[in-house]
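1. no sequence for this one, just the structure:
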């Protein structure tokens, strides 16, 4: 809605000076609210026209004063134009601040970043996971270090952040911090969220990311083969510690659940599905999307094994899981004992479910995507790209079919 702005000049009779002259004030009304500004000019009351809001006559003084008043009026509409250009809603307060030169409050980057992180911290467990806060805290630290490295300052006016700032920051992450491509891109993405907050609040006029492009490189996802899974299943580790880690890892291999989602499982998450069999019904903490997973025989055996485990009972969990750090440390021991030459981490179980357990065995990519809790099928397609074995098996069927139906004349010409 267009703002209603009016301009009026008047004499303030209560402010008569020593020689009997009265000051000319400018009254600006914005959407029915008004504020007054002194013009700095004084005139005799008899020389002032209330009807025209100007000095009477053609004297040099009248020409000078009236010209100044026209400039004052023009400045009002220049203020209106500036606010439109900035796409700022014209309210009484925004207009007054802009016109009086009070709108240029300096906003700096680090307090805005800290405020963002504090809000995430307050919403942990409701909208965000602890890992999200940890990533943004690391991003904040990198941003502070970059400011010191590049400019030798501890903070910066957000209006000074431009395209060069972004590219220099990326260069810093890749060189000084030695971040891999995808890591650098993620930190820049986190920084972009802070810039978006500034833009949404109209604290910045231009988006420094407007002409910036970055691309996440596809990485080869490590997963276990059927033979490696069987080796882990058959191995007698001789210790309860490694046996427990092995079982929880296998549980993830046959459900596709990430560490935090396995940790959050309780007995109430196991229920009867549409087919009358037991399913796991849960929501991924990372994306809050639903995961509905039929329970395979191996999965049920693991659930039964730990049904009465003291830790699971005391903490109301389906399984007695260790910390992610300990799980990953012990998985490296398991890999060494089983002669698996791969950097074994808990998340590899999720990749294994997507590839070796499901896609390789003919489960449709749509079903796999739904069980993994992916919001986008393209995310699941990354797993499908690595399945050369599946391609080979599919093409073998086609090869056998074509060998009997298509015959090429091989006689020499």
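-> Received the coordinates, thanks. From a predicted model like this one, the values you see are computed outputs, not experimental measurements.
2. direction included, what does the strand ranked longest in the chain pair against?
-> Criterion DSSP state E: the longest strand present in the chain is strand 33-43. The pairing partners recorded for strand 33-43 under DSSP bridges are strand 22-30 (antiparallel).
3. which parts of the strand it pairs with are buried?
-> 22, 23, 24, 25, 26, 28, 30 (16 or more other CB atoms under 10 Å). In this view, the C-beta of every residue, glycine as well, is placed from N, C-alpha and C.
4. residue 341: which of the residues you listed is nearest?
-> Set against residue 341, the nearest of these by CB to CB is residue 30 (72.8 Å).
5. re earlier: show me which of the buried residues of strand 22-30 is closest to residue 13.
-> Comparing the buried residues of strand 22-30 against residue 13 with CB to CB places residue 22 closest, at 5.7 Å.
6. who's in contact with that closest one?
-> By CB atoms under 8 Å, 6 or more residues apart in numbering, residue 22 lies in contact with 11, 12, 13, 15, 16, 42, 43, 44, 45, 48.
7. okay, and the beta partners of the last one?
-> Per DSSP bridges, the residues bridged to residue 48 are residue 55.
8. related to what we said a few turns ago, and the contacts of the longest strand of the chain?
-> Contact with strand 33-43 is made by 9, 11-12, 17, 21-28, 55, 61, 65, 68-69, 72, 92, 96, 100, as judged by CB under 8 Å, 6+ apart.
9. residue 251 and residue 169, how far apart?
-> Distance, residue 251 to residue 169, using CB to CB, to the nearest Å: 41 Å.
10. actually residue 142, sorry about that
-> The gap separating residue 142 from residue 169 is 8 Å, by CB to CB.
11. tell me where the stretch 201-350 of the chain has helices.
-> 226-234, 240-253, 259-263, 297-305, 310-314, 324-337, 347-352 (DSSP state H, counting those that start in this stretch).
12. tell me the most buried of the ones you listed?
-> Highest mean neighbour count among those (mean count of other CB atoms under 10 Å): helix 347-352, with a mean of 22.
13. that older thread, is it possible to get the helices of the stretch 201-350 of the chain out as JSON lines so that each row also shows mean pLDDT and distance to residue 173?
-> Putting the helices of the stretch 201-350 of the chain into JSON lines (pLDDT from 0 to 100; distance: least, CB to CB, whole Å) gives the following:
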{"stretch": "helix 226-234", "mean pLDDT": "92", "distance to residue 173": "35"}
{"stretch": "helix 240-253", "mean pLDDT": "92", "distance to residue 173": "32"}
{"stretch": "helix 259-263", "mean pLDDT": "89", "distance to residue 173": "27"}
{"stretch": "helix 297-305", "mean pLDDT": "92", "distance to residue 173": "41"}
{"stretch": "helix 310-314", "mean pLDDT": "87", "distance to residue 173": "41"}
{"stretch": "helix 324-337", "mean pLDDT": "91", "distance to residue 173": "25"}
{"stretch": "helix 347-352", "mean pLDDT": "89", "distance to residue 173": "23"}
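14. out of the ones you listed, which gets nearest to residue 151?
-> Residue 151 lies closest to helix 324-337 among the helices of the stretch 201-350 of the chain, at 36.3 Å (CB to CB).
15. the closest one vs helix 240-253, what angle?
-> Counting by axes from the mean of the first three to the mean of the last three CA atoms, to 10 degrees, helix 324-337 points 100 degrees away from the direction of helix 240-253.
16. now do helix 324-337: which elements does it pack against?
-> helix 240-253, helix 259-263 (3 or more CB pairs under 8 Å, 6 or more residues apart in numbering; DSSP states H and E).
17. tell me which of these lies nearest to residue 110.
-> Nearest to residue 110, of all those, is helix 259-263, at 30.1 Å by CB to CB.
18. list the contacts of that closest one.
-> 129, 248, 251-252, 255, 282, 284-286, 291, 317, 319, 321, 324, 327, 346-347.
19. what about the strands in this structure?
-> Going by DSSP E, the chain shows strands at 5-11, 22-30, 33-43, 48-49, 54-55, 270-272, 278-283, 290-294.
20. let me have the ones you listed in a markdown table, extended by mean pLDDT and distance to residue 82.
-> Shown next, in a markdown table, are these (pLDDT from 0 to 100; distance: least, CB to CB, whole Å):
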| stretch | mean pLDDT | distance to residue 82 |
| --- | --- | --- |
| strand 5-11 | 93 | 13 |
| strand 22-30 | 93 | 14 |
| strand 33-43 | 90 | 17 |
| strand 48-49 | 92 | 31 |
| strand 54-55 | 92 | 26 |
| strand 270-272 | 90 | 61 |
| strand 278-283 | 88 | 48 |
| strand 290-294 | 85 | 49 |
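21. could you dump those strands into CSV and include distance to residue 336?
-> Below are the strands of the chain laid out as CSV (distance: least, CB to CB, whole Å):
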stretch, distance to residue 336
strand 5-11, 77
strand 22-30, 74
strand 33-43, 75
strand 48-49, 96
strand 54-55, 93
strand 270-272, 33
strand 278-283, 31
strand 290-294, 30
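22. how about these, which one is nearest residue 149?
-> Set against residue 149 and scored by CB to CB, the strands of the chain come closest in strand 278-283, at 41.1 Å.
23. and stretch 267-281, how far apart are its ends?
-> End-to-end distance of stretch 267-281 (CA to CA, to the nearest Å): 10 Å.
24. per-domain residue ranges of this protein.
-> Domain assignment for the chain by automatic domain parsing gives 5-99, 109-200, 226-387.
25. picking up where we left off before, between the longest strand of the chain and strand 5-11, how many degrees?
-> Relative orientation of strand 33-43 versus strand 5-11 (the same axes, to 10 degrees): 40 degrees.
26. report the buried residues of strand 33-43.
-> Using 16+ other CB under 10 Å as the test for burial, strand 33-43 gives 41, 42, 43.
27. which member of these is positioned nearest residue 223?
-> Among those, residue 41 lies closest to residue 223 (CB to CB), at 81.6 Å.
28. do you know how far that closest one is from residue 6?
-> Distance of residue 41 to residue 6, given as CB to CB: 20 Å.
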